[in-house]
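S.K.: sequence isn't available, so here's the structure alone:
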């Protein structure tokens, strides 16, 4: 296979369009390219390739990263800097095993998409269009491409035109299901991106209130419109965050033990609500850019972090950094709307890597299997982790 053909296959892989036969040919090409080039590269070439691929590599176990670098960098130089979007195998044996295990992935699951529901305080709701990506709240309700949001057809359970005309003082909740994501521009100009299985509650007249207050359940990325006179407050599970205008991410799922806040720009004041109400003066903290706060049982811990890695989901990626299989599968379960079970207990492997959220579940699982002792099996919408 020549470089042009290999690049075409890589492009198809990134779009999730690579067939099993093409995948096999690409893997074989990788193995032959690696064998031909690994002994003829200079240290300088290897270093350049390492730097180029460092943030773009497929998923690999943290414990095995050092051992696989020489082969990966060799291939990087061999293909002339083509962005690698294909998983790598340590041997022909691993390649044969992949073909033999292909039947485990016949039942594929597509990734999540833009889908959400807008529910009003009176209980009526609108199922938002999956062909759109977000809504804008103002005197009227529109999608972010300026087209109108239509009320539901069933007046007994769906929102009607009267509900849409009275948005200014109405409390409403934008919620995404498992496997869904959506964006909202609030009436004050603040933009919020919701991750899967999340909900944001706000009022239509947020721009008129002395204190801009919203409630979050799940995970969301905020770009808060600057307003020195009116603070923006986010209530989430066990904490409140106050800003005047900044960019940050909050993850506050009910089925996780911690609430995590990452600051990208500006500054925020954050405190554990129970400790704050008990008038503990040490309960309030100020985050600086590139800092990460974890709230666990009313105790706050702040560390420095790479913020782009923490909000990779907003850019369409899963980013794992020495992460356990249980934590990873929890993220996958929300995005692919799957159930997860473990056949023989929890594996001990830790994973580091970056994977596109646009890939089907079988591609993600194959990346995680490569070079590891764990295997996966898909049955309906259940993924079984096998040690």
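M.R.: Thanks, I have the structure now. The shown structure was predicted, so the numbers you read here are calculated from the model rather than taken from an experiment.
S.K.: could I get the average pLDDT for stretch 290-301?
M.R.: Stretch 290-301 carries an average pLDDT of 92.
S.K.: which residues sit against it?
M.R.: 238-239, 257-264, 270-272, 274-275, 283, 285, 287, 302-307, 310 (C-beta atoms under 8 Å, 6 or more residues apart in numbering). In this view, the C-beta of every residue, glycine as well, is placed from N, C-alpha and C.
S.K.: any of the residues you listed buried? List them.
M.R.: Buried by 16 or more other C-beta atoms under 10 Å: 238-239, 258-264, 270-272, 275, 283, 285, 287, 302, 305, 307, 310, out of the contacts of stretch 290-301.
S.K.: so which of those belong to strands?
M.R.: If you go by DSSP state E, these have 239, 259-264, 270-272, 285, 287, 302 in strands.
S.K.: farthest-apart pair in those, please.
M.R.: Across these, no pair lies farther apart than 264 and 272, at 21.8 Å, counting by C-beta to C-beta.
S.K.: now do the same end-to-end measure for stretch 334-354.
M.R.: Stretch 334-354 has its terminal residues 17 Å apart, counting by C-alpha to C-alpha, to the nearest Å.
S.K.: can you read off the backbone torsions of the closest residue to residue 226 other than its chain neighbours?
M.R.: Counting by C-beta to C-beta, 6 or more residues apart in numbering, residue 226 lies nearest to residue 245, which is 2.9 Å off, once chain neighbours are set aside. Main-chain torsions, residue 245, degrees, to the nearest 10: phi 170, psi 120.
S.K.: hmm, residue 245 is touching residue 229, no?
M.R.: No. Using C-beta atoms under 8 Å as the test, residue 245 is too far from residue 229 to be in contact (11.1 Å).
S.K.: of these two, who's got more company?
M.R.: Using other C-beta atoms under 10 Å as the criterion, residue 245 and residue 229 rank with residue 245 on top: 18 against 6.
S.K.: check contacts around the more buried one.
M.R.: For residue 245, the contacting residues are 224-228, 232, 266, by C-beta under 8 Å, 6+ apart.
S.K.: can you turn the buried part of the residues you listed into a PyMOL selection?
M.R.: In PyMOL, a selection of the buried entries from these looks like this (16+ other C-beta under 10 Å):
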select buried, resi 224+225+227+232+266
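S.K.: as CSV, the contacts of residue 245 with pLDDT would be great.
M.R.: CSV is the format used below for the contacts of residue 245 (pLDDT from 0 to 100):
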residue, pLDDT
224, 96
225, 95
226, 93
227, 92
228, 89
232, 96
266, 93
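S.K.: which of the contacts of residue 245 fall within strands?
M.R.: residue 232.
S.K.: can you give me the helices in the protein?
M.R.: Counting by DSSP state H, the chain has helices at residues 3-14, 20-37, 43-53, 65-78, 92-100, 161-165, 273-277, 307-310, 325-336, 361-369.
S.K.: please name the nearest non-neighbouring residue to residue 115.
M.R.: Residue 115's closest residue in space is residue 180 (C-beta to C-beta, 6+ apart), at 4.0 Å.
S.K.: what are the bridge partners for residue 201, then?
M.R.: residue 173, residue 215 (DSSP bridges).
S.K.: okay, now it: neighbour count?
M.R.: Count around residue 201 with other C-beta under 10 Å applied: 17.
S.K.: residue contacts, it?
M.R.: 171-173, 214-216.
S.K.: is it possible to mark the buried ones in the residues you listed?
M.R.: Buried members of those, scored by 16+ other C-beta under 10 Å, are 172-173, 214-216.
S.K.: nearest to residue 362 among these?
M.R.: After measuring the buried ones among the contacts of residue 201 against residue 362 - C-beta to C-beta - the closest member comes out as residue 216, at 32.3 Å.
S.K.: what sits against the closest one?
M.R.: So residue 216 contacts 198-201, 234-236, 250, 252 (C-beta under 8 Å, 6+ apart).
S.K.: got a markdown table for these, with distance to residue 149 and pLDDT too?
M.R.: Shown next, in a markdown table, are the contacts of residue 216 (distance: C-beta to C-beta, whole Å; pLDDT from 0 to 100):
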| residue | distance to residue 149 | pLDDT |
| --- | --- | --- |
| 198 | 20 | 98 |
| 199 | 18 | 98 |
| 200 | 16 | 98 |
| 201 | 18 | 97 |
| 234 | 24 | 97 |
| 235 | 26 | 96 |
| 236 | 26 | 95 |
| 250 | 26 | 97 |
| 252 | 27 | 96 |
